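Visitor: Need a 3D model of the sequence below.
(one chain, ligands or ions: 2)
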Amino acid sequence: MTCGLVDLILAGGTLVTPEGMRPGAVAVKDGRIVAIGNDAAMPPAREVIDVAGRHVIPGAIDVHVHFREPGFSYKETWTSATQAAAIGGVTTVFDMPNTNPPTADAGAVRAKLALASAQACVDFGVYGYIGEGNLDQLAPMVETGAVAFKLYLGSDNPLVPCPNDGAVLDALAILAERGVRCTVHAENTPILAWRGAKLKAAGRQDLAAHLEQHADIATVEAVSRIALFSEWTGCPIHIAHENCRHSLPLIAAAKKRGVDITAETCPHYLYLSMDDAPRTGDLALRVKPPVREAGHAGPLWDALASGVIDMISTDHAPHAPAEKRRASIWEVAPGFPGVETSMRLMLTAVNDGRITLPDYVRMACEAPARAFGLDPQKGALLPGADADLVVIDMNRDSVIRGEDLHSLGNVTPFEGFRTRGLPVMTFLRGQLVAKEGRIVAPPGIGRPVRARRLRGG
Ligand code: NCD
Ligand code: ZN
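Guide: Ligands and ions are numbered 1, 2, ... in the order given. Prediction:
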């Protein structure tokens, strides 16, 4: 190696890539990986950290989080959320546009990037919103640095309403031309509205009513429609929070005929079902789309293994604890925190033999970087890549407790879950950010990421 004196070496551990695992070391200089290989072949370093008995993986990339600012600082702040992320082994996040104001024009993108830059301790990207009234802002948002766009096909949120299909086609054409991926909340808004009104009129207040509102067909239809629109316009799309076994054949078929479609699922759809409601309480489990009956998780795990679902995200959606504890299910804020618990839940699946550690690195690091054009800078243990590194201890047992989480909205349906496997050190571009559940870097070291142009159609 000819890189002279380097800043840092993580030595003596096991390096994990999607291709496999091997003993070795990683050398870091000026925030980048400069060498990977046998311990004996490493250059001299200012600091060597012995990670014997542990694994080194790239930092996880979570392309679906709601960090709430501007507008909802009482639910979460960029400081609290990115601290939770760093402790959870997540080094890059993409923030959703349902803030207040929504991220719907170039000025809002600029404002959110500034707000995040002042607080974040992990790197970040910002989503732009697609609506009927802001089609002329899509290109300026790309130029201002929006990394991707969010299409709410299923929405009852007046801040981010669902655009009509004509506007959707126009938006996808604009993004196709610029090679930017569009992430889709794939549910059919009129079905949700109609069923919701009917269930409310019938006096239903329970979690099962929330599930009945979000019937399987509402998501199956929307996945099918958006795959068709993607094929027609050439716009790369990404299915958010995939949760329903009946959608999976549609995604598989679209991939097979060459549609540029990727998909994510989240730990709650893999680990939980309506059968968990007695343990979590109805309220903690409310999320959109819903956690469904038992019988969906198995096919979702299979789809992850086969690559029909490409990646793990969290849909980190914290709310103030009081907003989760209202009497009627319709009034309970949907969603819960996820960035701090996702990696340890997935490492538990590795320990249980459900997936391998290289699989996890593919799903959490490589696939999101590739899908959204962050590679080769992010998501890889390769010379030249950013030194976003996580040291994990596969033997560490812990119990998830809401009160231990760093999010301000810490009501979690994983309360009391036993996990095995834990991120114990997180480095962002070579700088140690979190260690053993504590933050050791100041706010504001996170930077915006730039996505390269995707091929598009
Ligand atoms: C999201 C939130 O709270 O921002 N909640 C959720 O249940 N996923 C909003 C949403 O995506 O509907
Ligand atoms: Zn979401």
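
Visitor: Show me which helix or strand of this structure is least confident by mean pLDDT.
Guide: One helix or strand of the chain scores below all others by mean pLDDT, DSSP states H and E: helix 282-285, with a mean of 88.

Visitor: How far off centre is it?
Guide: Chain-centre distance of helix 282-285: 21 Å, with Cα atoms, centre = their mean, to the nearest Å.

Visitor: Repeat that for stretch 12-22.
Guide: With Cα atoms, centre = their mean as the basis, the mean position of stretch 12-22 lies at 23 Å from the chain mean.

Visitor: Stretch 450-457 too?
Guide: Taking the mean of its C-alpha atoms, stretch 450-457 sits 19 Å from the chain's own mean (Cα atoms, centre = their mean).

Visitor: Ok, stretch 387-399 next?
Guide: What separates the centre of stretch 387-399 from the centre of its chain is 18 Å, taken as Cα atoms, centre = their mean.

Visitor: do stretch 3-19 as well
Guide: Remark: stretch 3-19 is offset 26 Å from the chain centroid, using Cα atoms, centre = their mean.

Visitor: Stretch 328-348 now?
Guide: 12 Å.

Visitor: next one: phi and psi at Pro358?
Guide: Recorded main-chain torsions at Pro358 are phi -60, psi -40, according to degrees, to the nearest 10.

Visitor: wait, it sits on Glu19?
Guide: Yes. With contacts counted by Cβ atoms under 8 Å, Pro358 reaches Glu19, the gap being 6.6 Å. Bear in mind the C-beta positions are built from the backbone N, C-alpha and C, glycine included.

Visitor: Between these two, which has more neighbouring residues?
Guide: Pro358 (17 against 11; other Cβ atoms under 10 Å).

Visitor: How is the closest residue to Ala209 other than its chain neighbours assigned, secondary-structure-wise?
Guide: By the measure of Cβ to Cβ, 6 or more residues apart in numbering, the closest residue to Ala209 outside its immediate chain neighbours is Leu199, 4.6 Å from it. Under the three-state scheme (DSSP: H, G, I helix; E, B strand; the rest coil), Leu199 adopts helix.

Visitor: And Leu199, how far from Arg452?
Guide: For Leu199, the distance to Arg452 under the criterion Cβ to Cβ, to the nearest Å works out to 45 Å.

Visitor: Have a look at these two and say which one is more surrounded.
Guide: Neighbour count, other Cβ under 10 Å: between Leu199 and Arg452, Leu199 has more, with 19 against 11.

Visitor: A strand includes Phe94, no?
Guide: Yes. Read with three-state DSSP, Phe94 is one of the residues of a strand.

Visitor: can you offset everything so residue one is 54?
Guide: Sure thing, new numbering starts at 54, so read that last one as Phe147.

Visitor: list the contacts for it?
Guide: Contact analysis of Phe147 by Cβ atoms under 8 Å, 6 or more residues apart in numbering lists Asp115, Val116, His117, Val118, Phe177, Gly178, Val179, Tyr180, Val200, Ala201, Phe425.

Visitor: List the beta-bridge partners for it.
Guide: Gly178 (DSSP bridges).

Visitor: For it, give its distance to Met364.
Guide: Plainly put, Phe147 is 12 Å away from Met364 if you go by Cβ to Cβ.

Visitor: Find residues that contact each of these two.
Guide: Val116.

Visitor: helix or strand for Val87, which one?
Guide: Take DSSP states H and E as the rule and Val87 turns out to sit in strand 85-90.

Visitor: Give me the residues contacting that strand.
Guide: Taking Cβ under 8 Å, 6+ apart as the criterion, the residues outside strand 85-90 that touch it are 54, 56, 59, 68, 77-81, 94-96, 434-440, 442, 482-483.

Visitor: Mind giving me the PyMOL command for buried ones among those residues?
Guide: The buried subset of the contacts of strand 85-90, as determined by 16 or more other Cβ atoms under 10 Å, is captured in PyMOL by this line:
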select buried, resi 59+68+77+78+79+80+81+95+434+436+438+439+440+442+482+483
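
Visitor: Show the model's pLDDT score for the closest residue to Ala422 other than its chain neighbours.
Guide: Distances taken as Cβ to Cβ, 6+ apart put Gly432 closest to Ala422, at 3.0 Å, once the chain neighbours are dropped. Gly432 is assigned a predicted lDDT (pLDDT) of 98.

Visitor: The closest residue to Gly141 other than its chain neighbours - how many residues pack around it?
Guide: Computed as Cβ to Cβ, 6+ apart, the closest residue to Gly141 that is not its neighbour in sequence is Glu393, at 4.0 Å. Around Glu393 there are 27 other residues, counting by other Cβ under 10 Å.

Visitor: re earlier: highest neighbour count among the contacts of Phe147?
Guide: Of all the contacts of Phe147, the highest neighbour tally under other Cβ under 10 Å goes to Asp115, namely 31 neighbours.

Visitor: For the helix or strand containing Thr401, give me every contacting residue.
Guide: When secondary structure is defined by DSSP H and E, Thr401 falls within helix 395-404. Applying Cβ under 8 Å, 6+ apart, the external contacts of helix 395-404 come out as 113, 115, 141-143, 319-320, 323-324, 365, 367, 408-410, 412-413, 416-417, 443, 445, 447, 451, 453, 467, 470-476.

Visitor: Now do the biggest helix by length in the chain: distance to the chain's middle.
Guide: Longest helix in the chain by number of residues (criterion: DSSP state H): helix 269-286. Centroid separation for helix 269-286 versus its chain: 21 Å, with Cα atoms, centre = their mean.

Visitor: could I have that helix exported to PDB, CA atoms only?
Guide: Provided in PDB are the C-alpha atoms of helix 269-286 (Å, rounded to 0.1, in the frame of the first residue of the first chain):
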ATOM      1  CA  ASP A 269     -55.000  -5.400   0.600                       C
ATOM      2  CA  ILE A 270     -56.600  -4.300  -2.700                       C
ATOM      3  CA  ALA A 271     -55.900  -0.700  -1.900                       C
ATOM      4  CA  THR A 272     -52.200  -1.300  -2.100                       C
ATOM      5  CA  VAL A 273     -52.300  -4.000  -4.800                       C
ATOM      6  CA  GLU A 274     -54.100  -1.600  -7.100                       C
ATOM      7  CA  ALA A 275     -51.600   1.300  -6.400                       C
ATOM      8  CA  VAL A 276     -48.500  -0.900  -6.900                       C
ATOM      9  CA  SER A 277     -49.900  -2.200 -10.100                       C
ATOM     10  CA  ARG A 278     -50.800   1.300 -11.400                       C
ATOM     11  CA  ILE A 279     -47.500   2.900 -10.500                       C
ATOM     12  CA  ALA A 280     -45.500   0.000 -12.100                       C
ATOM     13  CA  LEU A 281     -47.500   0.700 -15.300                       C
ATOM     14  CA  PHE A 282     -46.900   4.400 -15.100                       C
ATOM     15  CA  SER A 283     -43.200   3.800 -14.500                       C
ATOM     16  CA  GLU A 284     -43.000   1.500 -17.500                       C
ATOM     17  CA  TRP A 285     -44.800   4.100 -19.600                       C
ATOM     18  CA  THR A 286     -42.800   7.100 -18.600                       C
END
